[in-house]
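**Q** Generate a structure from the sequence data that follows.
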Amino acid sequence: RSALEVALKCLHHPQFVVSLEWLLYEAVQDHERALARMSTAAAAAGASATATATLMDHELFPRVLRLLRYFGEYEDIVVRCARKMEAKRWPLLFSLAGEPAALLEQCYTTNRLYTASCLLVILQEMWGFI
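**A** Numbering: from 1, shown residues only. Here you go, the predicted structure:
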């Protein structure tokens, strides 16, 4: 809750949305590193996948996504972040941020056509059609 309060106080700053993109980018990288650590630890200890799921529930990535949903530019932030990262990280990003096709539909419905067109490029790259 305090992160939201701080964010709301910073809304007027010109680079506010860019800082949200950076926050999401760092959260995805942190999540990827945590998954790699868990995989290595599970392989070494013979632990189950349940431990990984439990860790994911308390990580930064899902909390950052919940924070971003408070702002009207959620899809824009996710798409701009995706365009700045390697395509191999997109499945991880979209696994929690939302299916690209659903984000595309939301952008189309709210007349954010530039973001929708960027999502079309992402869909083409991920799925190889369109």
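
**Q** lowest confidence element among the helices and strands of this structure?
**A** Scoring the helices and strands of the chain by mean pLDDT, DSSP states H and E places helix 49-57 at the bottom, with a mean of 52.

**Q** C-terminal to that helix, what's the next element?
**A** Once the chain leaves helix 49-57, the next helix or strand it forms, by DSSP states H and E, is helix 60-68.

**Q** What are the contacting residues of that next one?
**A** Under the contact criterion CB atoms under 8 Å, 6 or more residues apart in numbering, helix 60-68 has outside partners 3-4, 7, 20, 23-24, 27-28, 30-31, 56, 74, 77-78, 96-97. All C-beta atoms are positioned from the backbone trio N, CA, C, and that covers glycine.

**Q** Filter these down to the buried ones, PyMOL style.
**A** The following PyMOL line selects those of the contacts of helix 60-68 that are buried, judged by 16 or more other CB atoms under 10 Å:
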select buried, resi 7+20+23+24+27+28+31+56+74+77+78+96+97
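
**Q** now the angle from the biggest helix by length in the chain to helix 60-68?
**A** Longest helix in the chain, counting residues (DSSP state H): helix 16-45. Angle, helix 16-45 to helix 60-68, by axes from the mean of the first three to the mean of the last three CA atoms, to 10 degrees: 160 degrees.
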